[in-house]
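1. Test case, fold it:
(2 chains, ligands or ions: 1)
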Amino acid sequence: MSKDGALTPNPMDTIMASRPRTLYEKIWDAHVVETRDDGTALIYIDRHLVHEVTSPQAFEGLRIAARPVRRPELTLAVPDHNLPTTPRRDANGMVLPIVDPQSAAQLAALERNAPEFGIRYIPATAKEQGIVHVVGPEQGFSLPGTTIVCGDSHTACHGGLGALAFGIGTSEVEHVLATQTLLLQQSKSMEVRVNGDLGPGVTAKDLIMHIIGQIGAAGGSGYVIEYRGAVFERMSIEQRLTVCNMSIEAGARAGLIAPDDVTFAYLKGRPMAPAGAQWDAAVAYWRTLHSDDGALFDKSVVIDAATVEPSVTWGTSPEDVVAIGGRVPSPDDFADESKRVAVQKSLDYMGLTPGTAMTDVPIENVFIGSCTNSRIEDLRAAAAVLKGRRKADNVRWAIVVPGSGLVKAQAEDEGLDRIFTAAGFEWREPGCSACLGMNPDKVPAGERCASTSNRNFVGRQGPGARTHLVSPAMAAAAAVTGRLADVRLLGVTSNT
Amino acid sequence: MQPLTCVDGAAIPLGLKNVDTDIIIPAKWLKTISREGLGAGAFETLRAEPGNVIDDPAYAGAPILIAGDNFGCGSSREHAAWALGDLGIRVVIAPSFSDIFSGNAVKNGILPVVLPQDAVDRLMEVARQGEPITVDLETQTVTTPYQDRFAFTLDPFRRDCLLGGLDEIALTMARGTAIGAFEAARTSDQPWLMRGTAI
Ligand code: SF4
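-> Sure thing, here's the model as predicted:
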């Protein structure tokens, strides 16, 4: 900042345009309102998603300061975290009350705040309701080349469409509501290049878990990751969303995959996507959104796809990843003293003994859902494993929570709900559910859960709950065998 | 926001790595619509263990917390910063922080101090002896009664905000004309971007 606090135009603007740039730099440059002398930039925010948990204090802040929302049409509000996943209406179609008074108050606050500030709100009972990160892409609200924020760290998800998307805190939610901008320091860029092909039965979830295992839970700290290589080009948008979703588990601010024809085909015709001549203009712009040849990354990580196996976590950090054929590690396997201590703590919490084969670990719960893996392809992948099979007797609770009402309806059209229920799963209403257990869906203390979510933190799925992160197909395989299991041994070779 | 210039006092030697936001404040505490009172839920799981360092009377009222790598990783919940603030923490010292947490901390008048692991280890020792630690944001140094002196840096904007207790939203709102110009250019070049939910 100069002495009088004024902001100066970015002298780098012209230089930047003439040298090869990364995708991240292109999106960043296109959103700089002003650059300050101290190196921070005022960045314009194109899309803002709001849910009930991280927004009440932001709206309250606006109210106290008598500040309006600058661009209400650039924000979309959806309840997801607290909502029970049991039916939302009774037999007569009446909306059922939320039993937990605190959840009810938080949900009511969003329902009140959104119209008060002129923000579009999708109610809990609408078929479009769902997890914010499922709803944004599904509605065409999330678009390539946009900056997308949400008071939620898994906002990184939308990077699967080629958007610069990242989580923010509540003060920043308030800042975006009031100014449609954020004051940011540019992150460093990291390229994660995956060469070759994924083997049979290895999915996008397995790949991103493997990547996190390689670079570590803090390995991406300070970086925006761009995932590059033919593997990602061949992925569907849903798979790309899964990959980018977990960028935050490697500590990265955001994850990006360059938009391409697959992206455009996915978005075309979505309710909030551009149409007609504007669609053509948008696509023409989106085609420029890729890292130029010769663009420099601050860091590069190269991974051979052939080395990736169906993956599972054993500990309480997403970096605690092992191939399903592997064993529970011992603290002695780690050189770093503080990691040894952490591993011992994790093993105690998880109730695991070093050397145990992962496929010998019995599970009592299965959760298929979360913004990582609750889209239609995820449900199809799980259903493909479950078809004609049933959950093992020791699996006490198995639950499928579609990412949105639209995913749920589509799955029902395809008959997937009947496959799940025949296999002994409960078929639920959309929301975050047991991903973080803010609603009634929790894993009991001391019990294990094969979960398609993104965090295996201590107490994440409920106090004392033990989480093993897996792909949807692997969660289904665990349900059927009653243990963590290699889905390939059930004859499954699909990459979804 | 309460300005922060110099903090002097006992430090809680937590020392753990990858202290995620679920550890700092579990999900069940997120159902509040207020910023207040979250100290009661801070480190709930850790504090259930007898003899835990957070509740050790030796560190009662300590304004400084010392932790390991990647402090505040995980969720974007600002409740983590509110909970620490409610416990009376004004400074967290660690070898590294998650990006989102350090931003949230500063916005709530909490200073994240990044120091190399060996400096953090040394401060852990000092803290365990119950000696006070001084964190001076003006000179960007951490000192101890044993003549230890460690320099740290914070980006200048965050430093200004903390030192002055500034309202960042008001600062940005003062740039409304520039934001308006940016929006006008957008509306003519890429009108679909400005449409959002208005369909
Ligand atoms: S599904 Fe889980 S990770 Fe995703 S937004 Fe909800 S709580 Fe967060």
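2. hey, C-alpha coordinates of the longest strand anywhere in chain A in PDB?
-> The longest strand of chain A (DSSP state E) is strand A:188-195. In PDB, the C-alpha atoms belonging to strand A:188-195 read as follows (Å, rounded to 0.1, in the frame of the first residue of the first chain):
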ATOM      1  CA  LYS A 188       2.500 -20.400  -5.800                       C
ATOM      2  CA  SER A 189       1.600 -22.900  -8.600                       C
ATOM      3  CA  MET A 190       2.200 -26.600  -8.500                       C
ATOM      4  CA  GLU A 191       1.800 -29.000 -11.300                       C
ATOM      5  CA  VAL A 192       0.800 -32.500 -10.500                       C
ATOM      6  CA  ARG A 193       1.400 -34.400 -13.700                       C
ATOM      7  CA  VAL A 194       0.100 -38.000 -13.900                       C
ATOM      8  CA  ASN A 195       1.600 -40.000 -16.700                       C
END
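3. Not counting residues beside it along the chain, what's closest to the closest residue to chain B within the stretch 251-400 of chain A?
-> Nearest residue of the stretch 251-400 of chain A to chain B (Cβ to the nearest Cβ) works out as residue A:274 at 3.6 Å. Every residue, glycine included, has its C-beta placed from N, CA and C. Of all residues not flanking residue A:274 in the chain, residue B:192 sits nearest, at 3.6 Å (Cβ to Cβ, 6 or more residues apart in numbering or on different chains).
4. Quickly note the distance from that neighbour to residue A:212.
-> 34 Å (Cβ to Cβ, to the nearest Å).
5. What of residue A:397?
-> Relative to residue A:212, residue A:397 is positioned 27 Å away (Cβ to Cβ).
6. Looking only at neighbour counts, state which of these two leads.
-> residue A:212 (28 against 19; other Cβ atoms under 10 Å in any protein chain shown).
7. element containing the more buried one, please.
-> helix A:204-215 (DSSP states H and E).
8. any chance you could map the helices in the stretch 51-200 of chain A?
-> A:56-65, A:101-116, A:132-139, A:170-179 (DSSP state H, counting those that start in this stretch).
9. From the contact counts, what lies against the longest one?
-> It stands for helix A:101-116. helix A:56-65, strand A:75-77, strand A:120-121 (3 or more Cβ pairs under 8 Å, 6 or more residues apart in numbering or on different chains; DSSP states H and E).
10. at 10 Å what do you get?
-> Helix A:101-116 sits against strand A:47-50, helix A:56-65, strand A:75-77, strand A:120-121, with contacts defined as 3 or more Cβ pairs under 10 Å, 6 or more residues apart in numbering or on different chains; DSSP states H and E.
11. mind checking the longest helix of chain B?
-> As assigned by DSSP state H, the longest helix anywhere in chain B is helix B:176-189.
12. residues in contact with that helix?
-> Contact partners of helix B:176-189, identified using Cβ atoms under 10 Å, 6 or more residues apart in numbering or on different chains, comprise A:7, A:9, A:30-34, A:42, A:44, A:46, A:70-71, A:74, A:179-181, A:281, A:285, B:172-173, B:175, B:192-195.
13. one more time with 6 Å
-> Outside helix B:176-189, the residues that touch it by Cβ atoms under 6 Å, 6 or more residues apart in numbering or on different chains are A:33-34, A:44, A:181, B:193-194.
14. Of the residues you listed, which is the most crowded?
-> Neighbour counts for these peak at residue A:181, which has 25 neighbours (criterion: other Cβ under 10 Å).
15. Residue A:42 is in contact with that residue, correct?
-> Yes - counting by Cβ atoms under 6 Å, residue A:181 touches residue A:42, with 5.0 Å between them.
16. can you list residues touching both of these two?
-> Joint contacts of residue A:181 and residue A:42 (Cβ under 6 Å, 6+ apart) are residue A:33.
17. Quick check: phi and psi at residue B:2.
-> When read as degrees, to the nearest 10, the backbone of residue B:2 gives phi -70, psi 120.
18. Next, count neighbours for it.
-> When neighbours are defined as other Cβ under 10 Å, residue B:2 has 10 of them.
19. measure the closest residue to the ligand within the stretch 151-300 of chain A to residue A:473 for me?
-> For the stretch 151-300 of chain A and the ligand, the shortest gap (Cβ to the nearest ligand atom) falls at residue A:154, measuring 4.4 Å. Residue A:154 is 21 Å from residue A:473, where distance means Cβ to Cβ.
20. Compare these two (neighbour count), which wins?
-> Neighbour count, other Cβ under 10 Å: between residue A:154 and residue A:473, residue A:473 has more, with 32 against 29.
21. For the more buried one, which residues are in contact?
-> A:381, A:385, A:487, A:492.
22. which one of the residues you listed is nearest the ligand?
-> After measuring the contacts of residue A:473 against the ligand - Cβ to the nearest ligand atom - the closest member comes out as residue A:381, at 17.6 Å.
23. Residue A:239 versus the closest one, what's the distance?
-> Taking Cβ to Cβ, one finds residue A:381 at 10 Å from residue A:239.
24. what's the answer for residue B:66, then?
-> With Cβ to Cβ as the criterion, residue B:66 and residue A:239 are 41 Å apart.
25. got it, and residue B:40?
-> For residue B:40, the distance to residue A:239 - Cβ to Cβ - is 42 Å.
26. Between those two, tell me which one has more neighbours.
-> More crowded of residue B:40 and residue A:239, by other Cβ under 10 Å: residue A:239, with 25 against 12.
27. Let's verify that one: helix, strand, or coil?
-> Secondary structure, DSSP: H, G, I helix; E, B strand; the rest coil: residue A:239 is helix.
28. give me every residue that touches it.
-> Residues in contact with residue A:239 (Cβ under 6 Å, 6+ apart) are residue A:204.
29. and with 7 Å instead?
-> Residues counted as contacts of residue A:239 (Cβ atoms under 7 Å, 6 or more residues apart in numbering or on different chains) are A:204, A:496.
30. Ok, residue A:302 next?
-> A:193, A:195.
31. Got phi/psi on it?
-> According to degrees, to the nearest 10, residue A:302 has phi -120, psi 130.
32. May I have the beta-bridge partners of it?
-> Using DSSP bridges, the bridge partners assigned to residue A:302 are residue A:193.
33. picking that back up, which one of the helices of the stretch 51-200 of chain A lies nearest to residue A:201?
-> helix A:132-139 (24.7 Å; Cβ to Cβ).
34. re earlier: for residue A:188, which of the helices and strands packed on helix A:101-116 is the nearest?
-> Across the helices and strands packed on helix A:101-116, residue A:188 has its closest neighbour in strand A:47-50 (23.8 Å, Cβ to Cβ).
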